[in-house]
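*Asks:* Quick one, structure for this:
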Amino acid sequence: MTDRTNMFKNLMTGAFLCTAIAIFAAMPQTAFAQDESDEAKTIDKSAIPETAEKIEGFVPEGWKIEEDVKGDVNGDKIDDHVLKLIEDKPSTDKDDRGVDRSRALVIVFADKEGTLTLATIADRLLQCTACGGAFYGVSDAPANVTIEKGVIVVNQDHGSRWVTDLTYKFRYDEQPGMFLLIGFDYSGRDRADGSVTSESTNYLTGKRITTTGKGKKTTTKNSTVAKDRIAIESVDTEDFESKATSRLGLD
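*Replies:* Numbering: from 1, shown residues only. As a prediction, this is how the structure comes out:
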């Protein structure tokens, strides 16, 4: 086989791969239904009561519990409830396309008498099911919620060739009676060339560590930030990601 023939085959193979990547990257635009009736909505906070006899009482009409994460989050050694709510509608439409569904985080305190009391509602923290991009395709994008030593940890990722991973950590502070953001981690990676850009912010110490590089060749930068007291209900994940992207020069 001649060198010219090999060159032609390589060019054709490269063109095919580029076309395939372009098609794959475009999937989020068509994988989920675009009908107005299928658009995600924001939870009605006023429909959630201050107290309820059962945990289901904190779930307003049109929503359901996707996950009930149990654990002590206010330091009284009694398991509380961190409810991950999701819109109560089919995950696919009549054409088998994914339906975008919003999520909300509802935190409920429990006491030794079994009384359930609403602590707070975060309606802009968890990503929607259609927010995963080509990385998840037609599958629902996750919004992972755990409790680690009393700290509420939220982790979610999305993207295409460039995948973004976001982690938030919240701890209850009795003085203001709020769940405050104590840590925020942003990590972005290029799945094609392996480059990574990340930052880790500790709002208790006021320190931020930024790392950029590829493989073993990385650069780390330390900086200071304001020790802001940011309540969980005021965190908008899209805004946090946008500001991190801008700081890191990725926009």
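*Asks:* alpha carbons only for contacts and neighbour counts from here, please
*Replies:* Will do.
*Asks:* low pLDDT regions in this structure?
*Replies:* Low-confidence segments of the chain, defined by pLDDT under 70: 1-40, 96.
*Asks:* any idea how this protein splits into domains?
*Replies:* Domain assignment for the chain, taken from automatic domain parsing, gives 1-31, 32-247.
*Asks:* Packed most tightly, which of those would that be?
*Replies:* With neighbours defined as mean count of other CA atoms under 10 Å, those peak in mean count at domain 32-247, which reaches a mean of 17.
*Asks:* what's the first-to-last distance across stretch 167-178?
*Replies:* Its start and end residues considered, stretch 167-178 measures 19 Å (CA to CA, to the nearest Å).
*Asks:* Ok, stretch 61-77 next?
*Replies:* The separation between the terminal residues of stretch 61-77, taken as CA to CA, is 31 Å.
*Asks:* go on, stretch 43-54?
*Replies:* For stretch 43-54, the first and last residues are 19 Å from each other (CA to CA).
*Asks:* again with stretch 117-132
*Replies:* From the first residue to the last, stretch 117-132 extends over 33 Å; the measure is CA to CA.
*Asks:* okay but Gly62 is in contact with Arg101, surely?
*Replies:* No: using CA atoms under 8 Å, Gly62 is not in contact with Arg101; the gap is 10.9 Å.
*Asks:* show me what contacts Glu174?
*Replies:* Taking CA atoms under 8 Å, 6 or more residues apart in numbering as the definition of contact, the neighbours of Glu174 are Asn74.
*Asks:* For it, give its distance to Ser246.
*Replies:* Counting by CA to CA, the gap from Glu174 to Ser246 is 33 Å.
*Asks:* Would you map the strands across the stretch 1-150 of the chain?
*Replies:* 51-52, 63-71, 80-87, 103-110, 116-122, 144-148 (DSSP state E, counting those that start in this stretch).
*Asks:* Now do the fifth one: which elements does it pack against?
*Replies:* The one in question is strand 116-122. strand 51-52, strand 103-110 (3 or more CA pairs under 8 Å, 6 or more residues apart in numbering; DSSP states H and E).
*Asks:* And those: which comes nearest Lys169?
*Replies:* Evaluated with CA to CA, these place strand 103-110 nearest to Lys169, the distance being 13.6 Å.
*Asks:* now what about that closest one, what contacts it?
*Replies:* Contacting residues not belonging to strand 103-110 are listed as 43, 58, 74, 78-87, 116-129 [CA under 8 Å, 6+ apart].
*Asks:* thinking again about what came up before, any chance of the strands of the stretch 1-150 of the chain in JSON lines, with distance to Phe170 too?
*Replies:* Written out in JSON lines, the entries for those read as follows (distance: least, CA to CA, whole Å):
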{"stretch": "strand 51-52", "distance to Phe170": "23"}
{"stretch": "strand 63-71", "distance to Phe170": "14"}
{"stretch": "strand 80-87", "distance to Phe170": "12"}
{"stretch": "strand 103-110", "distance to Phe170": "12"}
{"stretch": "strand 116-122", "distance to Phe170": "12"}
{"stretch": "strand 144-148", "distance to Phe170": "10"}
